[in-house]
Every structure is written in structure tokens, then in C-alpha cells.
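1. Turn this into a structure:
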Amino acid sequence: MKKHILLPFMILLAFFQVNAQCDNPFYQFKEGTLMETENFDEKGKSQGKTEIRVIRWDETGSGYVATLGYKFYDKKGNLGHEGDYTMECKDGIISIDMSAFIPDESMEAFKDMEMEMKMDQLEFPADLKVGQELKDAKFEMTAKGPMPMNFVFLFTDRKVEDRESVTTPAGTFDCFKISQTTNSKMMIANSEFKTIQYLAEKYGAVKSETYRSNGKMVGYSLLTRFED
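-> Predicted structure coming up:
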């Protein structure tokens, strides 16, 4: 279950492109842009792939608001979950809708309940540099009823650690290495992971790695296809 909860983070924090109207070099896209990633377990075995397509792009006075649709396919090629989410660029800062990170199976459990959501935006500024600390973010969802349920995601300790060259099936990229701690809390079940992303200009995160709190790898994802 923990891997299912974690997977959307590895997927949705990863592959975007942004129009030149937004002064952010790491996320450069247009309507119709397609990104494909392959997801692997800790032993390097494929667990399926994810397709993300920009299905709408609207220019604003200070940047844009984009809608991205995603589809996750398991290792047998069967469509698992799918959905869409929004991403905004305002004054050069990318903000991602945190509600996108809630797995479909979790939302299904809450479908007949009245929901209350509180969220920050997960931000990526344009002027990244090694040693820079990024803003924390929090998403909290409460299901009201006779037995209220609470679901929380926390992104903390976000930091630009280094610059590295990364090679994936889609090419070789000059990247910023960004680390963060991810905590998920649902009722009495808590889990903590460390996530590392390798962020390249134009392509976004071309590689993502996830580790347990004891340092053991959970899995990773690689950019395999990019069409603009």
C-alpha cells in the first residue's frame, strides 16, 4: 500500500515543459506536449510507465495556468489510474496543485464523504543554485462524518544539493540535484521517505529516486520519451 501511495509523487513531480511567457527555464511546455517515464523498483525491474500530456494551456498576465493529464500503466501494460491536475507559473515561480498527489484508491475511500482540503503550493523558482533551500509544502484532507478521517502529506527539508550530469533513455542532461523529505500520515499509519530529483532545463525532472528513512531505495523513474 505504501508504494501505491508514494507512486504519484514520483510521477507527478517529474516531467513538464513551459512556454517562454513564464520566465522559468526548468519547465517549458505547450499544449499537446507529451512526456513518458518508466518506473522501476529498487532492483531495477520495470513497474510500468506513466504518460503525461499537456491538455490545456492558458496565458495569464504574469505567466500561465496549465492542465496536465496523466495515465499510469502497470508492468503488463494495463491502465491503472488516471487523472489531471493544474500547474501555474506566476512571476517565474512554478506552483503545482498538491491535490494531484492523492492516489485514486485513497479518493475512492472518501467518495461518499464531505471533504475539506487545505493546501500549500509546491514551488520551484527559476533561479536555482547549489545550497539553496526551497519552501516546504503541506496538503491536508479531512473527511467529515461519524468517524472523521485525516490525510496529510508534508514536503520538508527541500534543498538544491548539487549539479550532476544524468543519462536516461531520452538523452544526457545537465541537472540540479534536489532532495526533500516526504511524510504521509493517514489515521495511525505514518511513513517517511527521502526523494531526490534531477531537474534539467526545459525537461523538468528527468530522473527521480525514492528512499526509505533507513536509506534503502524504494524505486526510481526515468524520462524515456519527450515530444513537443
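
2. following the helix or strand of the chain with the lowest mean pLDDT, which helix or strand comes up?
-> Least confident element among the helices and strands of the chain, by mean pLDDT, DSSP states H and E: helix 2-12 (a mean of 48). The helix or strand immediately downstream of helix 2-12 is strand 34-41, counting by DSSP states H and E.

3. For the very next helix or strand once past that following strand, list every residue counted as buried.
-> Going down the chain from strand 34-41, the next helix or strand is strand 46-60, by DSSP H and E. By neighbour count on 16 or more other Cβ atoms under 10 Å, the buried set for strand 46-60 is Gln47, Gly48, Lys49, Thr50, Glu51, Ile52, Arg53, Val54, Trp57. Placement of C-beta: from N, CA and C, glycine included.

4. How about stretch 70-86?
-> For stretch 70-86, burial by neighbour count (16+ other Cβ under 10 Å) applies to Tyr70, Lys71, Phe72, Tyr73, His81, Gly83, Tyr85.

5. Surely the fourth one and Gln47 touch.
-> No - Tyr73 lies out of contact with Gln47 (Cβ atoms under 8 Å); the separation is 9.9 Å.

6. so what does the longest strand along the chain touch, helix or strand wise?
-> Among the segments of the chain that qualify as a strand by DSSP state E, the longest is strand 149-168. For strand 149-168, the packing partners by 3 or more Cβ pairs under 8 Å, 6 or more residues apart in numbering; DSSP states H and E come out as strand 137-144, strand 171-186, strand 189-200, strand 204-212, strand 217-227.

7. Which of these sits closest to Ala66?
-> Among the helices and strands packed on strand 149-168, the nearest to Ala66 by Cβ to Cβ is strand 204-212 (12.2 Å).

8. Please name the bridge partners of the closest residue to Phe173 other than its chain neighbours.
-> Excluding the flanking residues, the one nearest Phe173 by Cβ to Cβ, 6 or more residues apart in numbering is Ala200, at 3.8 Å. The partner list for Ala200 in beta bridges (DSSP bridges) reads Cys175, Gly204.

9. Spit out the contact partners of Ala200.
-> Phe26, Val166, Phe173, Asp174, Cys175, Phe176, Val206 (Cβ atoms under 8 Å, 6 or more residues apart in numbering).

10. okay if I get those as a markdown table plus neighbour count, distance to Val65 and pLDDT?
-> A markdown table is the format used below for these (neighbours: other Cβ atoms under 10 Å; distance: Cβ to Cβ, whole Å; pLDDT from 0 to 100):
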| residue | neighbour count | distance to Val65 | pLDDT |
| --- | --- | --- | --- |
| Phe26 | 21 | 17 | 70 |
| Val166 | 18 | 29 | 97 |
| Phe173 | 20 | 26 | 95 |
| Asp174 | 11 | 28 | 95 |
| Cys175 | 21 | 26 | 95 |
| Phe176 | 21 | 24 | 95 |
| Val206 | 27 | 24 | 93 |
